[in-house]
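>>> model this:
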Amino acid sequence: MSLDISRVRALCFDVDGTLSDTDDLYARRITHALPRWIFHDPDHAARRFVMWIESPANALLGLPDRLGLDLELASAFNWLFRHRRPAQSAFLLVPGVDKMLEALHARFPMSVVSARPQVSTLAFLDHFNLTRHFDVIVTALTAAHTKPYPDPVIYAAQKMGVTPGSCLMIGDTTVDIRAGKSAGAQTVGVLCGFGEEAELKKRGADLILQSTAEMGALFALK
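Sure, this is the predicted structure:
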């Protein structure tokens, strides 16, 4: 393990695939649309499809910033979220993260660092009564640029009163690892979301955990 726990003074959490069990949620929705006479294991096929489509989507996250379209894109997502069908309003929580967040917030300042629009981020956090655990919430338009740029992590560090180098960025994709590393933070990759171990390690994750919920046990060793 290359993670230096003694350096950690604050925690930054991604949302999708890290706190929110988004991949399972998407896979469930896709499963219902797959014809059983073609797909003998529709659950597995749906999950593979989500993984396939998410990888290029993550690679494009910084594109709206470069094109100057981040405000327009966030506005579009907010509109879509407000006008979604009721059946699409459900959220899933990664098992165990609620108790983990409660325990760690007693020890560290904590932030959300998400590329989601603010409306959907707050809706998820409020749905599970998680907002109270976070000292700052950084979403798509909070900082000058969103992930994979370092700006959101740097912004969160400033608001928490720590240096970026003393932060730990926790996320499930290479976008999270890149943002954390470029800000000078340490990073933890989690496998409960969209990313895969090999790619997270390649991007320099200091530690890989099976689930975000394991963060509690990690710091119990400190």
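>>> what pairs with the closest residue to Phe128 other than its chain neighbours across the strands?
Using C-beta to C-beta, 6 or more residues apart in numbering and skipping the chain neighbours, the partner closest in space to Phe128 is Leu93 (5.3 Å). Heads up, the C-betas are built off the backbone N, CA and C, glycines and all. Counting by DSSP bridges, Leu93 is bridged to Ser20.
>>> can you give me the helices for the chain?
22-31, 42-59, 63-67, 70-82, 97-105, 118-127, 151-160, 174-183, 197-202, 215-220 (DSSP state H).
>>> hang on, the earlier thing: could I get the contacting residues of the residue nearest to Phe128?
Applying C-beta atoms under 8 Å, 6 or more residues apart in numbering, we find Leu93 in contact with Leu19, Ser20, Asp21, Phe128.
>>> give me the number of residues near the third one?
The one in question is Asp21. Asp21: 22 surrounding residues under other C-beta atoms under 10 Å.
>>> also the last one?
Other residues near Phe128 number 15, with proximity taken as other C-beta under 10 Å.
>>> surely it and Val94 touch.
No. Using C-beta atoms under 8 Å as the test, Phe128 is too far from Val94 to be in contact (10.3 Å).
>>> ok, now which ones touch the closest residue to Ala157 other than its chain neighbours?
For Ala157, ignoring the flanking residues on the chain, the nearest one in space by C-beta to C-beta, 6+ apart is Pro164 at 4.4 Å. Neighbouring residues of Pro164 by C-beta under 8 Å, 6+ apart: Pro150, Val153, Ile154, Ala157, Ala183, Gly184, Ala185.
>>> for Ala198, same thing?
With contact set as C-beta under 8 Å, 6+ apart, Ala198 has no partners.
>>> gap between it and Arg7?
Ala198 is 25 Å from Arg7, where distance means C-beta to C-beta, to the nearest Å.
>>> once you drop chain neighbours, what's closest to Met169?
Nearest one to Met169, counting by C-beta to C-beta, 6+ apart, is Gly180 at 2.9 Å.
>>> pretty sure Glu160 contacts Ala10?
Check again: residue 160 is Met, not Glu. Yes. In this structure Met160 lies within contact range of Ala10 using C-beta under 8 Å: 4.6 Å.
>>> who touches both of those two?
Residues within reach of Met160 and of Ala10 at once, by C-beta under 8 Å, 6+ apart, are Pro109, Met110, Ser111, Cys167.
>>> and the last one, what are its bridge partners?
Just to be clear, that refers to Cys167. Cys167 has the following beta-bridge partners by DSSP bridges: Ala10.
>>> neighbours of it, how many?
Based on other C-beta under 10 Å, the number of other residues close to Cys167 is 29.
>>> likewise for the second one?
Here the number of neighbours of Met110 (other C-beta under 10 Å) works out to 20.
>>> quick one: Asp151 from Ile208, how far?
Distance from Asp151 to Ile208, counting by C-beta to C-beta: 25 Å.
>>> check Glu214 too.
10 Å.
>>> same question for Leu130.
Relative to Ile208, Leu130 is positioned 24 Å away (C-beta to C-beta).
>>> and the two? which has more neighbours close in?
Leu130 (21 against 18).
>>> for that one, which non-adjacent residue is spatially closest?
If the residues on either side of it in the chain are set aside, Leu130 comes closest to Leu101, at 6.2 Å by C-beta to C-beta, 6+ apart.
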